[in-house]
Structures are given as C-alpha cells and as structure tokens.
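**Q** For reference, the sequence and a predicted model appear below.
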Amino acid sequence: MGTREPRVTDWRLVVGSRLDRVRADLAALGPPDPLDQEGQRWREVAEREAAVVDDMITREESRRQSVASWWSGWHIERAWRSLHEAEIAAVAAGRGFLGRLPGLKARVSENLPEEDPRRRALEELRPGEFTLAVEREIVVDALRAAFDASDFAHAGSRALRNKLIAASVVLFAVNTLLGVLGIVDPGMIPMCVSSEKLPTVCPSGRGEAASDVWLIQVLGAFGAVLSAVVLLLRRRPSLSPYVMVGYQALIKVLLGAALAVVGILALGAGVTTGLIGVASQAALLVWAVLLGYGQQIATRLLDSYTDRVMDQARPLPRADSRG
C-alpha cells in the first residue's frame with residue numbers, strides 16, 4: 001500500500017505560517033551570543049521543535065496510517081505542542097523578550113483565568129525588576145501554562161468529535177435496521193395512524209407499504225436538516241483543528257429520522273388522543289417533518305456543550321473587547 005502526500009488543511013496552513021514566524025524570529029536574533037549560554041540552549045530547543053513541526057505537517061502516510069492518525073489526532077496535537085514549545089523557546093532565546101510583554105500578556109490571558117498566579121506574575125512583571133534569568137522563567141512558565149491549557153482543550157475537542165462519530169454510526173445502524181424491518185414485514189413497525197372518529201391514514205396513502213418507514217425517516221431527516229441550517233447560520237468561525245459542525249448536523253439528521261418513526265408510532269398508539277388528530281396523508285407527512293425538527297430540543301444541550309468545548313480549544317475575542 002503506497003504512501004499518500006499530506007492534504008492541505010486549515011490546521012496545516014495555520015501551523016505552517018506560525019512555524020515560519022518562529023524561524024523568522026530566530027533569524028532576527030542574529031548570531032549566538034557566547035555570553036548567553038541559556039539563550040543558546042533555548043535557541044537549540046526552538047530549532048529542534050521546529051523540525052518536529054515541519055515533519056508533522058509534511059509527513060507522508062499510507063491510507064491505513066492516515067485513517068488511524070485522523071482518528072487519534074496524534075499528528076495534529078504533536079504538531080501544535082511542538083509548535084508551542086518552539087514559540088516559547090524562540091521568545092526565551094533572546095535578551096529583549098520583555099519588549100514583547102504586551103503581546104505575551106494578551107496570549108496568556110486567552111487561556112488562563114485572572115486568578116492564576118502565573119498569569120498574575122506575568123502581568124505584574126516590570127522590566128529590570130528581576131535578573132534576566134528570573135524574568136525569563138516567569139515568561140516561560142506563564143506561556144507554558146497557557147499553551148498547555150490550549151493543548152488539553154484540543155485533546156478534549158478531539159474526544160468529543162470521536163464520540164459524535166460513534167453516536168452517528170449507532171444512529172445510522174438503528175435507522176437502517178428500522179428501514180429493513182419495514183421492508184421485510186411492513187406490519188412489524190406500523191406507520192399508519194387510526195382513531196375512533198377519523199379514518200386510518202398511512203404514509204403511502206394506500207395502506208401499509210414496505211416503503212412507509214423509509215418515507216417517514218426521509219421526512220424526519222428533512223425536518224432535521226432545517227434545524228441544521230439554523231446551526232450553520234449561527235455558527236461562529238473557529239480555527240480549531242477539529243471542526244464539529246458537520247458531525248453535529250449529521251447527529252441531527254439521523255436523530256430526526258429516528259424520532260420521526262418513534263413519533264408516528266406514538267400517534268398510532270393513541271398517546272395523543274384528544275390532543276392531535278391526523279385526518280389525512282398530508283397531515284401525517286407534515287407531522288413526520290415536525291417530529292424530525294423536534295430533535296432540536298434534544299440536541300440543544302449538545303450544541304451548547306460543543307460551543308463551550310470549541311471556545312476553550314480556540315477562544316475568540318470577547319464581545320466587549322475593543323479594537
């Protein structure tokens with residue numbers, strides 16, 4: 001099985017551009033200062049980690065390896081962690097790193113709470129207050145803590161993505177099984193609705209048919225697509241290496257198809273007797289669409305939780321920020 005060249009993806013573009021910035025910062029430092037052994041060690045760390053990042057974003061893998069890497073996300077997270085170490089080392093390699101103090105404070109504040117002592121130490125740091133070695137340690141410690149928080153959030157978003165994929169596979173299997181059972185024995189999953197005062201109504205309009213379950217699932221999925229469109233419209237941009245919106249939409253569509261079948265079964269069982277009456281085929285099909293859209297009630301919590309995870313992985317500017 002041959003190897004495959006790495007695809008051009010958003011995270012590779014972002015990591016690659018930041019890697020170029022690290023190398024530009026190292027080049028701007030000029031030749032090593034023999035009197036600054038600590039700075040020389042940091043320069044070596046930056047160059048070593050930059051090589052790791054370069055390997056991660058250009059590595060060629062077989063199809064099987066690429067699938068395993070995509071699921072585990074190890075190459076993405078290794079690239080980000082090494083990039084963060086390279087950025088820290090590039091800052092610490094020079095003597096004038098305190099000139100970047102405003103930018104360093106802004107970066108740290110994105111990932112560390114106000115009460116964190118490392119963030120507070122960085123914000124209270126004044127040039128010349130301590131020796132160069134102490135100032136360097138304060139900056140490195142704060143940056144490492146901030147980047148660690150970001151890296152852990154990346155791992156959390158990958159775990160959530162994998163859970164969404166697993167849930168989608170289960171829902172797909174359930175929907176497929178329901179559809180196959182409807183074809184094998186149309187009466188096993190009755191989709192017709194009857195009541196004492198109204199005639200029996202079936203999705204096909206011609207009594208029980210093998211396609212009834214599939215028709216209800218398709219209409220339920222259509223109703224869920226409407227809610228997925230709303231999700232896409234309100235989705236905020238994100239530079240996280242893991243994009244969740246597609247998996248969220250897939251969950252909605254599959255869950256909408258399943259809930260439409262369950263809802264029609266409830267109507268046929270008389271659960272809503274006296275509240276809802278289905279007098280025609282068109283009314284039954286409309287109810288399938290509405291039941292599919294109704295999955296939004298169940299997935300609203302999932303959407304909120306996903307938003308929180310993604311905000312931690314790649315925080316956006318606060319609504320009250322200026323400039």
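**A** That came through, no problem. Numbers count the residues shown, from 1 in each chain.
**Q** hey, let's count contacts and neighbours off CA atoms from now on
**A** OK.
**Q** In the stretch 151-300 of the chain, what residue spans correspond to helices?
**A** Using DSSP state H, counting those that start in this stretch, the helices of the stretch 151-300 of the chain run over 212-234, 245-268, 281-293, 295-313.
**Q** Are we agreed that residue 8 is in a strand?
**A** No. Under DSSP: H, G, I helix; E, B strand; the rest coil, residue 8 sits outside any strand and is assigned coil.
**Q** Would you state the predicted confidence (pLDDT) at it?
**A** Note for residue 8: predicted pLDDT of 70.
**Q** Burial check on it, number of neighbours?
**A** For residue 8, the count of nearby residues is 10 (other CA atoms under 10 Å).
**Q** Could you do residue 97 as well?
**A** The local packing of residue 97 (other CA under 10 Å) involves 17 other residues.
**Q** With residue 99 as the reference, measure out to the residue nearest to it when sequence neighbours are not counted.
**A** The shortest distance from residue 97 to any non-neighbouring residue, by CA to CA, 6 or more residues apart in numbering, is to residue 91 (5.8 Å). In this view, residue 91 and residue 99 are 10 Å apart by CA to CA, to the nearest Å.
**Q** now residue 108, nearest residue through space, not along the chain?
**A** residue 146 (5.3 Å).
**Q** which one of residue 91 and residue 99 has more residues nearby?
**A** Neighbour totals were compared for residue 91 and residue 99, and residue 91 leads with 26 against 10 (other CA under 10 Å).
**Q** In terms of secondary structure, what does the helix or strand harbouring that one contact?
**A** Element membership for residue 91 (DSSP states H and E) is helix 74-93. Packed against helix 74-93 by the contact rule (3 or more CA pairs under 8 Å, 6 or more residues apart in numbering; DSSP states H and E) you find helix 10-28, helix 37-58, helix 132-184.
**Q** Any chance of CSV for the ones you listed, columns mean neighbour count and distance to residue 124?
**A** Below are these laid out as CSV (neighbours: other CA atoms under 10 Å; distance: least, CA to CA, whole Å):
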stretch, mean neighbour count, distance to residue 124
helix 10-28, 16, 25
helix 37-58, 18, 23
helix 132-184, 18, 10
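**Q** what would those helices look like in TSV with distance to residue 306?
**A** Listed next are the helices and strands packed on helix 74-93 as TSV, based on distance: least, CA to CA, whole Å:
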stretch	distance to residue 306
helix 10-28	19
helix 37-58	27
helix 132-184	8
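**Q** I'd like to know which of these is closest to residue 215.
**A** Closest to residue 215 of the helices and strands packed on helix 74-93 is helix 132-184 (CA to CA; 9.2 Å).
**Q** chain center to that closest one: distance?
**A** Mean-position distance between helix 132-184 and its chain equals 6 Å (CA atoms, centre = their mean, to the nearest Å).
**Q** Looking at that helix now, give me its mean pLDDT.
**A** The average pLDDT within helix 132-184 is 90.
**Q** so the residue nearest to residue 142 when sequence neighbours are not counted is in which element?
**A** Leaving out its chain neighbours, the residue that sits closest to residue 142 by CA to CA, 6+ apart is residue 118, at 5.1 Å. In this structure, residue 118 sits in helix 117-123 according to DSSP H and E.
**Q** Mind giving me the packing neighbours of that helix?
**A** If you count contacts as 3+ CA pairs under 8 Å, 6+ apart, helix 117-123 packs onto helix 101-111, helix 132-184.
**Q** Just the buried residues of the helix holding residue 91, please?
**A** Neighbour-count burial for helix 74-93, counted by 16 or more other CA atoms under 10 Å, picks out 75-77, 79-93.
**Q** now do stretch 58-74
**A** Residues of stretch 58-74 classed as buried by neighbour count (16+ other CA under 10 Å): 60-61, 66, 73.
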